[in-house]
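Visitor: sharing a model prediction with you, sequence too.
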Amino acid sequence: MSQAHYRQDGDIAVITMDNPPVNGLGHGLRSGIRDGIARAMADASVKAVVLTGTARAFSGGADIREFNTPAADASPHLLDVIDQIENAAKPVVAAIAGLALGGGNELALSCHYRVGAPGTQIGLPEVNLGLLPGAGGTQRLPRIVGASKALDMIVTGNPIRADEAAKLGYFSKLIEGDFVAGAVAFAREVVAAGAKRPRIRDLTVDPASMPGGAQAFFAAARDQVAKTYVGYPAPMKCLECVEAAAKKPFDEGMKVEQALFGELIDSISSKALRHAFFAERAASKIPDVPDDTPQRAIKSAAVIGAGTMGGGITMNFVNVGIPVTLLEMKQEALDKGLATIRRNYENTAKKGRMTQDEVEQRMALIKPTLAYADLAQADIVVEAVFEDMAVKKTVFQTLDATMKPGAILASNTSTLDVDQIAGFTKRPQDVIGTHFFSPANVMRLLEIVRGAKTGKDVLATTMALSKKIRKVGVVAGVCDGFIGNRMIEQYSRQAGFLLEEGCTPQQVDGAIERWGFSMGPFRMGDLAGNDVGWYIRKRRYLEKPDLRYSKTADLLCEMGRYGQKTSAGWYDYKPGDRTAYPSAVVDEMLVKERARLGVTPRTVSDEEIVNRLVLALVNEGAQLLDEGIALRASDIDIIYLTGYGLARFRGGPMFHADSIGLPKVVEIMKGFEANPQADPDFWKPAPLLARLAAEGKRFNG
Ligand code: NAD
């Protein structure tokens, strides 16, 4: 069956796109439009054509199900259909509702007229996948909405609403009510007025849309883009295309667009961004928990502990209208926690992103309490008390005795054994780990820890809940540190060794930040509090007396240098200033420690720093895959992109390893093993890495 239905309404042909959910422009739909247009041209009784979609979508652009399949390249291409429409012998009117994005918008721009339903979104979001609109969008959009607006839309990928689009001249008319009937009536008016077929390609970009003239306008824009999008090549290429639209004839501009699109599609950053896009979708699939697994209703929540994490977790729920009962041990702690939440909302309101009424509405959804009896009816309770098994034990025993049957009992522990926690209750099937990342109201990652006895319905409900509170849920098995923190431990160990060998904290941070982490390990330690890691090391490394690690972080803590909170950590801080200043005290401590170890400091290259930190992550990631703690390599990548501040253009540590090539990864690791200072065990490739490298395979399929 065709994906574009054809009907006639008097002398107007109506072609309706029908490829749910959003009229992705796959091969079937492209062919259907082509056939419909050809039929309308051949039929003398047709005077004009209306091309439309559904109320939900004119078209969302390329059909992602077709990516990397032969159908994507099968004729007709979108450009062929666009040419056919633009040069059609009868007027073609696009009737747009819902959204016209990417290729869908480019299709609309090829029509002679556009009419739209209010509320419709118009955009060119290709840049989010490291690409640029490659079907004329960069050339036509500036000709109709002006260079400044088009540049903003194409470089940021942000859509605009129909009313703004209408003001800019994108729409000939906005239609209230039945937009297809309105479009047909509009098409009749066009016919009555002489059936003109204006083509956007014949326009020139309005000079008034380039304040200061084209030269100055693009020079300033270029500076801005270069500053804003470090590491991402696509925004600058988008700019070059819009500049070509402003300065060159249409056909020459199209050549620029095609050439730059070709460069981007093969670029590693676009591959990384596309990988991230698909990885995020894949993360929601759990092989033995099908989509139709029954779920429990979550209409109310409770949070235990109103500290750093509990406050942020509470905000996540109330932000989507789920009321929260928030429990603390003491009134003072409760008041302090609530005040922090209020301050966060008020800061948002000050920035104009929320009204004062909304602040009050959200605060009203929080019911503070000191009594467990008040939580009993909550559908889910998230525990965020101190990271101490004895405390968790008391809390879970109390929850077991208090909560209604069927409530989900979740722990925000970052390292403790969720199975042991489940064992404190008589309902281990209801217990799950929900590991939020700090700040919990901001970071998108939610590591969902599946215990040995966690019920499938509990897992399915928690995954769905993560989506509802706008997080990316990624499943992890039970182990010390789960996925993200178990990997970061190896990264931190390497960071410590680098200090022993001669690096300064600022050198290590600088190298890895330039590579793509928003914060290096030492700035991160200072922000999170170095005492947190100290506490964990004391517990962990007591059990592993033979494990080699650098004592520098312990020495730092022994000096009371916990980080920003003590105005001194790996760096020095001035009161009220978060700027990290290199510290002479730390340098002196490092010099002494190297002397104690008998190490002659050497100069370590940035390349070595990056490889050692990143490959430490990769090797542990491989181990986690082998153990089944992580379901897929792309899950690990998503964890690093959404929870650890790794730039999306890197695609994640496992994607990075794949793009270097696993044999090369093993070779680099062998080189590190030869370093006389190296821990001989550290660089032994994990069995999975060794196997895949030998077989010439990749982590990510
Ligand atoms: P925090 O010290 O800021 O807050 C803990 C709060 O729990 C305190 O307000 C305390 O009064 C309260 N509390 C302690 N025992 C309690 C009890 N028995 N009943 C009720 N309230 C109690 O700690 P945090 O940083 O919010 O960490 C909480 C949990 O989240 C820990 O398990 C931690 O490992 C985990 N976590 C922390 C981070 C982080 O970056 N801070 C990130 C992920 C997970």
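Guide: Arrived safely, thanks for sending.

Visitor: for burial, what's the neighbour tally of the closest residue to the ligand within the stretch 401-550 of the chain?
Guide: Distance from the ligand to each residue of the stretch 401-550 of the chain (C-beta to the nearest ligand atom) is smallest for S438, at 3.3 Å. No exception for glycine: its C-beta is placed from N, CA and C like everyone else's. Look at S438: counted by other C-beta atoms under 10 Å, it has 14 neighbours.

Visitor: distance check, it against L409.
Guide: 22 Å (C-beta to C-beta, to the nearest Å).

Visitor: cool, H275 as well?
Guide: Applying C-beta to C-beta to H275 and L409 gives a distance of 35 Å.

Visitor: now A89, nearest residue through space, not along the chain?
Guide: M41 (5.7 Å; C-beta to C-beta, 6 or more residues apart in numbering).

Visitor: A helix includes that neighbour, no?
Guide: Yes. Counting by DSSP: H, G, I helix; E, B strand; the rest coil, M41 falls inside a helix.

Visitor: list the contacts of it.
Guide: A88, A89, K90 (C-beta atoms under 8 Å, 6 or more residues apart in numbering).

Visitor: cutoff 10 Å now
Guide: A13, V49, Q84, A88, A89, K90, V92 (C-beta atoms under 10 Å, 6 or more residues apart in numbering).

Visitor: pull out the buried positions in stretch 263-282.
Guide: 264, 267, 269-277, 279-280, 282 (16 or more other C-beta atoms under 10 Å).

Visitor: take the residues you listed and keep only those in helices.
Guide: 264, 269-277, 279-280, 282 (DSSP state H).

Visitor: format the residues you listed as CSV; extra columns: pLDDT and distance to G451.
Guide: What follows is these, written out as CSV (pLDDT from 0 to 100; distance: C-beta to C-beta, whole Å):
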residue, pLDDT, distance to G451
L264, 96, 44
S269, 94, 38
S270, 95, 39
K271, 95, 36
A272, 97, 33
L273, 97, 34
R274, 95, 34
H275, 96, 30
A276, 97, 28
F277, 95, 30
A279, 97, 24
E280, 95, 24
A282, 96, 22
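
Visitor: and which of the residues you listed is nearest to the ligand?
Guide: Taking these together and measuring to the ligand by C-beta to the nearest ligand atom, the closest member is E280, at 20.7 Å.

Visitor: give me the phi and psi angles of the residue of the chain found nearest the ligand.
Guide: Nearest residue of the chain to the ligand: G307, at 1.8 Å (C-beta to the nearest ligand atom). Dihedral pair for G307: phi -80, psi -150, per degrees, to the nearest 10.

Visitor: now for it, how many residues are close by?
Guide: G307 has 15 nearby residues by other C-beta under 10 Å.

Visitor: picking that back up, now distance to the ligand too, for the buried residues of stretch 263-282, in a markdown table please.
Guide: As requested, these are exported to a markdown table (distance: C-beta to the nearest ligand atom, whole Å):
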| residue | distance to the ligand |
| --- | --- |
| L264 | 36 |
| S267 | 34 |
| S269 | 30 |
| S270 | 32 |
| K271 | 31 |
| A272 | 26 |
| L273 | 27 |
| R274 | 30 |
| H275 | 26 |
| A276 | 22 |
| F277 | 26 |
| A279 | 22 |
| E280 | 21 |
| A282 | 24 |
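
Visitor: closest to S466 out of those?
Guide: Comparing those against S466 with C-beta to C-beta picks out E280 as the nearest, at 11.7 Å.

Visitor: element containing A100?
Guide: Here A100, judged by DSSP states H and E, is contained in strand 99-101.

Visitor: ok so, going back, gap between the residue of the chain closest to the ligand and G628?
Guide: According to C-beta to C-beta, G307 stands 32 Å off from G628.
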